[in-house]
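[1] Fold the following.
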Amino acid sequence: MTDHSTPSPRERLFVALQHLLPQHGLSTLMHRLARVRWRPLKALLIRAFARLYRIDMSLAEEPELSAYPHFNAFFTRALRPDARPLDPAPHAVLCPVDGTISQIGRIAAGRLIQAKGHDYGADALLGLANGAAHPFDGGVFATIYLSPSDYHRIHMPLAGALAEMTYAPGRLFSVNNSTAKLVPGLFARNERVICRFATEAGDMAMVLVGAIFVGGIETVWAGAITPPHSGRALQHWEYRNDADPIRLARGAEMGRFNLGSTVILLFPPGRVAWDTNLAPGQQVRLGERIGIRQSSI
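    As a prediction, the model looks like this:
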């Protein structure tokens, strides 16, 4: 998956075309198409996708393709409860999705690695003003890419209470490796939903990054955040002082992509140590251990 070589002419053309495409318009069109209920069309879309990406429907809670009312219901299908067992170790940090490690490491001088020769600011990713204080400098991050064939619900790495949520409007570039090599600050430029939780490992940020053809991002507490994809202003919601706080268990579903994208996890320094065997290009699965919680708050 991850290739740090010099971008090829084909990759450069792929990225150049994205600058010209009506990214938001295409994503809105895909959102509508994915919800068409006319049986001949929805059946064609579902069967073609399942065949092209060799989807193993034996893992799905509903294995019959014909049972899904539209393509998006199939794409965001639930898995069987036993399909992704959670690591039982009490201090394990769980992988939140099925996907591939794009980058993983330390947040040094407030910067995250995007690809070879590219990094970007945690403040920009989090929707903060340039240079604004945040608890993640010196901590760790993991960027996990979801391919079209992956399970597209997002789950909690640790139990947590929702502290805040921010919607950051932006572009909708592809988030694959080719684009990551050629679009500076990609993940801080794309539309995204930033969720911060209070956990036993301190402040945890989960950033759900949109991409071209991603018809929507949802959370279990707020429902659909996008679409629409319009507007230039940040939207922010505070939950810290709620009388009835939103608490999600370790491994519980917290959101989903209506078509695929990327999740970025951030933890403060000294709280989480990633497993040493993790590296860019490695496939990971929901519920398996990707790190260890080092301390409690």
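[2] C-alpha from now on. contacts and neighbour counts both.
    Noted.
[3] How is this structure partitioned into domains?
    According to automatic domain parsing, the chain comprises the domains 9-75, 92-293.
[4] most tightly surrounded among those domains?
    domain 92-293 (a mean of 20; mean count of other Cα atoms under 10 Å).
[5] Now do the same contact list for the spatially most central residue of the chain.
    For the chain, the residue nearest the mean C-alpha position is Val263 (2.4 Å; Cα atoms, centre = their mean). Counting by Cα atoms under 8 Å, 6 or more residues apart in numbering, Val263 touches Thr143, Ile144, Tyr145, Leu146, Met206, Val207, Leu208, Val209.
[6] quick one: which of the residues you listed sit in strands?
    Counted as lying in strands by DSSP state E, out of the contacts of Val263, are Thr143, Ile144, Tyr145, Met206, Val207, Leu208, Val209.
[7] Tabulate those residues in CSV, adding columns for distance to Arg271 and pLDDT.
    Below are the ones in strands among the contacts of Val263 laid out as CSV (distance: Cα to Cα, whole Å; pLDDT from 0 to 100):
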residue, distance to Arg271, pLDDT
Thr143, 18, 96
Ile144, 20, 96
Tyr145, 23, 94
Met206, 15, 98
Val207, 18, 97
Leu208, 21, 96
Val209, 24, 93
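[8] re earlier: farthest pair within the contacts of Val263?
    Using Cα to Cα, the two most remote members of these are Leu146 and Met206, lying 14.4 Å apart.
[9] Same list (the ones in strands among the contacts of Val263) but as CSV, adding distance to Trp237.
    Shown next, in CSV, are those (distance: Cα to Cα, whole Å):
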residue, distance to Trp237
Thr143, 24
Ile144, 25
Tyr145, 26
Met206, 15
Val207, 15
Leu208, 16
Val209, 18
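[10] nearest to Pro269, of those?
    Set against Pro269, the nearest of these by Cα to Cα is Met206 (15.9 Å).
[11] Touching, that closest one and Thr262? I think so.
    No. At 10.3 Å, Met206 does not count as touching Thr262 under the criterion of Cα atoms under 8 Å.
[12] Enumerate every residue touching Leu265.
    Shown in contact with Leu265 (Cα under 8 Å, 6+ apart): Phe141, Ala142, Thr143, Met204, Ala205, Met206, Val207.
[13] can we see that at 7 Å?
    Phe141, Ala142, Thr143, Ala205, Met206, Val207 (Cα atoms under 7 Å, 6 or more residues apart in numbering).
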